[in-house]
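Student: Provided below for reference: sequence and predicted model.
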Amino acid sequence: MKLSSAECHTPAGPPRAFSPRTRLVAIVGPPNAGKSTLFNRLTGLHQKVANYPGVTVEHRMGRLKARYIDTGIVHHVELVDLPGIYSLNARSEDERVTRDVLAGLMPGVPRPDAVLLILDSTNLGRQLMLAAPVLATELPTMVLLNMSDDLARRGGVLNVPELSKKLGAPVALVTASTGKGFDEIYDFLNAQLAPPRPIQLPILQDVPKTRKWAAQMSLASGYVAPAPTKWTRRLDKIFLHPVAGPVIFLTVVLALFQSIFTLAKPLMDGIAALVSGSGDLLKAVLPESVFRDLLVEGVWGGVGTVITFLPQILLLFLFIGFLEDSGYLARAALIADRMATILIAPLMTCSARLPIYVLIIAAFIPDKHVIGPLLGMRAIAMLSLYILGFLAAVATARLLKSSILRSERTPFVLEMPPYRWPKPSQLAMRLIDRGKVFLHRAGTLILTVAVVLWILLHVPTHNGKAPEIEHSIAGQVGHFIEPAIKPIGLDWKFGIGLISSLAARETIVGTLGTIYGTEGKETNGKLQEAVRKDLSPAGAAALLIFFAFALQCMSTIAVVRRETGGWKWPAIQFSYMLVLAYVGAFAAYHVVTWLS
């Protein structure tokens, strides 16, 4: 008989929306277990990235390559790549999302037909803890023990049939990076599905008992953990050193920011020239009309300006992907316990700040070298903004934890994967994913904002002609809020940008591109010069500080409302961060004014 606590049984969700011959399979696993590598190899480029309704957690959906499907049983296999987790206790947003998807409670996502649970075979004793709650869902499950080549090379031993018997589910040794062992996955996905056989499970909320159960399962299957690699031991002595470790970490972060301003510049200049040249061509080819003005000034001036920053976005995620896949990112989090994780988290989760940071920093911070060509003032300025946001986050968290949000400490679990050379194909797939997300956002949300803004800049008409921008509806809105932002050095144009950035932070760049394009000023590569004319250095510092603190993100507000069940806490959060941003911007404006 299967034993588990009653609280762990969640009622199944709504009936499936897929056809009977289409299967939805969820891929579940801990961080660094190779989950995304498995998903990419199974789907190739047949995938899309989106957010779950009401949350900021991304999910990827993909279709199994057609040549691996037995059409006699199923016609399509849809795969969903769920966030990396260590449990289903729903302490974090990633865990809540995974739990809801597996229970069929996520809006718009039917309950999966099966689960592929991928675990790191070189660290099986701990990772089997996730198997207990997944098996408790009673969904047909296949356990994939990844990195089997590394297990064998380092002397690890495992009796796969015995482990399968103990877990009551099929188990396979695989290597996701090469496709080794994938035939067993294809057989599972094409076969008649059956829930796991009943086995004895621990009480899932009891972490010590779940850990003991995982250790018993690995011991009963004859598992012998592989010896740590020689290079892992040597590198950990350096990267985890109490003195050298933080210095190396700081150097890595500075190098990342420096590369954003140096390595990406040629590509940015090329895209800017392409956008500008194509805009001029359209203006020359198309007859003079409202449509031509909308296309050139609104779309090309707005969306084109944002697309210019694509190389920097991709370069950022290339570095993050390299650090993560190599195993260093987990060490970086350990160097300062949770602090380094908090510092790195904004780089991975909020690249939307990057365009406005780069635009203002490039316009006002001179491109001077501090340590030869390796480190410049712009990289230091970028790092300072993230450190400032990090310090504010820590101070806020401690204030809330000691007052209105008192709570017990939750365990902080972090696996230390061995060092590996990242696979170029996996890095390339990651960049394709991020590029598609960025371009989709530019082609939908930012495009919509640019078109609506262009229309508001051209009404009301007078004698069939568009008004001066200052007298348009958008200009009047900007002038209405100008008294509030003038004390921090911003004029009505940036007021319009701040309003549009409520939809998404990066839209302010497209908004400014549309405004200056409508004014007839040259943009698409010259936006920095146009901004420099209307914004003082003190105002630039204030704008950067404002964006470092303000909650310019409607999706985050939607998440808070969903989790709290009302508008009280979202309103408090938005107001608090708005006041913090304004006070910080006000202080920055007057300090820089005084210094200059």
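Tutor: Yep, it's here.
Student: Report how many residues lie close to residue 309.
Tutor: Using other C-beta atoms under 10 Å, residue 309 has 25 other residues around it. To be clear about C-beta, it is placed using only N, CA and C from the backbone, and glycine gets the same treatment.
Student: Figure out the helix or strand that the closest residue to it other than its chain neighbours lives in.
Tutor: Once flanking residues are discounted, residue 309 sits nearest to residue 355: 4.3 Å by C-beta to C-beta, 6 or more residues apart in numbering. Using DSSP states H and E, residue 355 sits within helix 354-364.
Student: Kindly spell out which helices and strands sit in contact with that helix.
Tutor: Contacts defined by 3 or more C-beta pairs under 8 Å, 6 or more residues apart in numbering; DSSP states H and E place helix 354-364 against helix 244-262, helix 310-326, helix 377-401, helix 507-519, helix 527-534, helix 537-549.
Student: Could you pull out the buried residues of the fourth one?
Tutor: Read it as helix 507-519. 507, 508, 509, 510, 511, 512, 513, 514, 515, 516, 517, 518 (16 or more other C-beta atoms under 10 Å).
Student: Near residue 460, how many other residues are there?
Tutor: 10.
Student: which residues does the closest residue to it other than its chain neighbours contact?
Tutor: In space, and not counting its chain neighbours, residue 460 is closest to residue 467: 6.6 Å by C-beta to C-beta, 6+ apart. Contact analysis of residue 467 by C-beta atoms under 8 Å, 6 or more residues apart in numbering lists 458, 459, 460, 461, 475.
Student: Kindly recompute the last result at 10 Å.
Tutor: Taking C-beta atoms under 10 Å, 6 or more residues apart in numbering, we find residue 467 in contact with 457, 458, 459, 460, 461, 473, 475, 476.
Student: got it, and residue 179?
Tutor: Contacts of residue 179 (C-beta under 10 Å, 6+ apart): 38, 41, 42, 185.
Student: Name the secondary structure element that contains the third one.
Tutor: Read that as residue 42. Applying DSSP H and E, one finds residue 42 within helix 35-43.
Student: can you give me the angle that helix makes with helix 310-326?
Tutor: 110 degrees (axes from the mean of the first three to the mean of the last three C-alpha atoms, to 10 degrees).
Student: elements contacting helix 35-43?
Tutor: With contacts taken as 3 or more C-beta pairs under 10 Å, 6 or more residues apart in numbering; DSSP states H and E, helix 35-43 sits against strand 22-28, strand 58-63, strand 76-81, strand 114-120, strand 141-146, helix 182-190, helix 310-326, helix 424-441.
Student: Using JSON lines, lay out the ones you listed together with mean pLDDT.
Tutor: Shown next, in JSON lines, are the helices and strands packed on helix 35-43 (pLDDT from 0 to 100):
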{"stretch": "strand 22-28", "mean pLDDT": "90"}
{"stretch": "strand 58-63", "mean pLDDT": "78"}
{"stretch": "strand 76-81", "mean pLDDT": "87"}
{"stretch": "strand 114-120", "mean pLDDT": "94"}
{"stretch": "strand 141-146", "mean pLDDT": "94"}
{"stretch": "helix 182-190", "mean pLDDT": "89"}
{"stretch": "helix 310-326", "mean pLDDT": "84"}
{"stretch": "helix 424-441", "mean pLDDT": "81"}
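Student: hang on, the earlier thing: tell me the most buried of the helices and strands packed on helix 354-364?
Tutor: helix 507-519 (a mean of 27; mean count of other C-beta atoms under 10 Å).
Student: I appreciate the help and will end here.
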